[in-house]
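Visitor: Structure for the following, please:
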Amino acid sequence: MHRVIDPAILYFGTPVVLISTLNADGSANVAPMSSAWWLRSMCVLGLDPTSKTTENLLRAGECVLNLPSVENVAQVDRLALLTGTSPPPAHKLARGYRHEAGKFEAAGLTPVPSACVKPPRARECPVHLEAVLDEAWPVGRGTFGAGSPMAIAVRIVQVHVDEGLIADGHANRIDPDRWRPLIMSFAQFYSLGARLQPSRLASIPEESYRTRPRPAQPA
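Guide: Alright, predicted model coming up:
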């Protein structure tokens, strides 16, 4: 039996992403979010228009999408109520946020240089996706007005993966049985369970989906 309800949020479950960007003064910012979805070599991010991450990404056009595993849950949670915006916007203050300039340090994350973009990667995360801005637009202006969230599409230009996640016999493939992303569902942290059954989609060669050149191999 189904029942009509009116939930305040509709976050049924998506992976957590730690987005690192550069502030205007050159310092690093890192922020958690969980409204992200993937289109070929693109990722579309749903972001608060007042956030420091949004400001930095629209200004500089670069970021790193650091994907935490379940082992990084404590570090992600330390960032939950921190903002790089000073002073914090009123809606964040009302929810208990405070300003923190050194968010990498506050979370216990280590910034390491990227290869193709200026923002650093978070060493402790097993996946780093260097990305550049493609386009951005407000979503739901008819519903939310001036406070409309931003949809920001970024293009992945370099992928760094912990070697323990790479499928045996495949130089460019992630083994989904080894990858345990951190999932947020209705503001709570979860992980993936075991594989349920074989998938027909998995029978399609993964290379047939490729839309960007393979990275150059060392000489």
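Visitor: All the strands of this protein, residue numbers only.
Guide: 14-15, 17-22, 28-33, 36-39, 42-47, 62-67, 82-83, 98-99, 111-112, 121-122, 127-138, 150-161, 183-185, 188-190 (DSSP state E).
Visitor: Out of those, flag the one nearest residue 3.
Guide: strand 183-185 (19.4 Å; CB to CB). C-beta here means a position set from N, CA and C on the backbone, and glycine is covered the same way.
Visitor: That closest one: partners in the sheet, and parallel or antiparallel?
Guide: strand 14-15 (antiparallel), strand 188-190 (antiparallel) (DSSP bridges).
Visitor: chain center to it: distance?
Guide: Centroid separation for strand 183-185 versus its chain: 12 Å, with CA atoms, centre = their mean, to the nearest Å.
Visitor: same deal with stretch 72-80?
Guide: Centre to centre, stretch against its chain (CA atoms, centre = their mean), the figure for stretch 72-80 is 13 Å.
Visitor: sorry, back to before: tell me which of the strands paired with strand 183-185 sits nearest to residue 125.
Guide: strand 14-15 (11.5 Å).
Visitor: Mind checking the pLDDT average for the closest one?
Guide: Across strand 14-15, pLDDT averages out at 92.
Visitor: cool, stretch 60-74 as well?
Guide: 97.
Visitor: want to try JSON lines for the strands of the chain, with distance to residue 92 and mean neighbour count as columns?
Guide: Formatted as JSON lines, the strands of the chain follow (distance: least, CB to CB, whole Å; neighbours: other CB atoms under 10 Å):
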{"stretch": "strand 14-15", "distance to residue 92": "21", "mean neighbour count": "17"}
{"stretch": "strand 17-22", "distance to residue 92": "16", "mean neighbour count": "26"}
{"stretch": "strand 28-33", "distance to residue 92": "12", "mean neighbour count": "23"}
{"stretch": "strand 36-39", "distance to residue 92": "20", "mean neighbour count": "13"}
{"stretch": "strand 42-47", "distance to residue 92": "13", "mean neighbour count": "19"}
{"stretch": "strand 62-67", "distance to residue 92": "20", "mean neighbour count": "25"}
{"stretch": "strand 82-83", "distance to residue 92": "6", "mean neighbour count": "22"}
{"stretch": "strand 98-99", "distance to residue 92": "9", "mean neighbour count": "14"}
{"stretch": "strand 111-112", "distance to residue 92": "24", "mean neighbour count": "15"}
{"stretch": "strand 121-122", "distance to residue 92": "22", "mean neighbour count": "24"}
{"stretch": "strand 127-138", "distance to residue 92": "19", "mean neighbour count": "18"}
{"stretch": "strand 150-161", "distance to residue 92": "16", "mean neighbour count": "18"}
{"stretch": "strand 183-185", "distance to residue 92": "18", "mean neighbour count": "16"}
{"stretch": "strand 188-190", "distance to residue 92": "20", "mean neighbour count": "13"}
